[in-house]
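Visitor: Here is the input, now give the coordinates:
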Amino acid sequence: MFGVRIAEGCVYHVSSQRRRDVCFDEALRARTRAAIAGLRRLIEAGEMPPAGLRPQCEGCSLHEICLPEAAGRPPARHLYEPLVYAS
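Guide: The predicted structure follows:
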């Protein structure tokens, strides 16, 4: 956006309360672009990968949307529709 290439960053792990340096090399950039392209394909196809129920789901703010207990059911179509706001 600003024409600046960022070479590295940090990831903060809450459990250990430590930061870890991350090198933004070309391999990581390629994996990130591939993940974004895959997500866009899923959205365009109206598909959602099934959620997996994990211990982290307890107390998650997205639990009501994700509904990991209902994995395997067809996704709610309205989750992919853009919101239209009245002006």
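
Visitor: Residue 32: which element?
Guide: Per DSSP states H and E: residue 32 is located in helix 26-45.

Visitor: can I see the domain layout of this protein?
Guide: Using automatic domain parsing, the domains assigned to the chain come out as 1-45, 50-87.

Visitor: rewinding a little: measure how far the helix holding residue 32 is from the centre of its chain, please.
Guide: Taking CA atoms, centre = their mean, to the nearest Å, one finds the center of helix 26-45 at 11 Å from the center of the full chain.

Visitor: Sort out which residues of it are buried, please.
Guide: The neighbour-count criterion (16 or more other CB atoms under 10 Å) identifies no buried residues in helix 26-45. Backbone N, C-alpha and C define where each C-beta goes, glycine included.

Visitor: buried residues in the next helix or strand after it?
Guide: Sequence-wise, the next helix or strand downstream of helix 26-45 (DSSP H and E) is helix 63-66. Buried residues in helix 63-66, counted by 16+ other CB under 10 Å: residue 66.

Visitor: Just the pLDDT at the residue most central in space within the chain, thanks.
Guide: Central residue of the chain (CA atoms, centre = their mean): residue 39, 8.4 Å from the mean position. Residue 39 carries a pLDDT value of 87.

Visitor: That one and residue 25, how far apart?
Guide: Per CB to CB, to the nearest Å, residue 39 is found 21 Å from residue 25.

Visitor: just residue 5 next, same as before
Guide: As judged by CB to CB, residue 5 and residue 25 stand 11 Å apart.

Visitor: ditto for residue 64
Guide: As judged by CB to CB, residue 64 and residue 25 stand 38 Å apart.

Visitor: again, but for residue 34
Guide: Residue 34 sits 15 Å away from residue 25, going by CB to CB.

Visitor: if we can go back for a sec, any idea which of the domains of the chain scores lowest on pLDDT?
Guide: Among the domains of the chain, domain 50-87 scores lowest, at a mean of 71.

Visitor: mind listing what's buried in stretch 15-26?
Guide: For stretch 15-26, a neighbour-count test (16+ other CB under 10 Å) marks nothing as buried.
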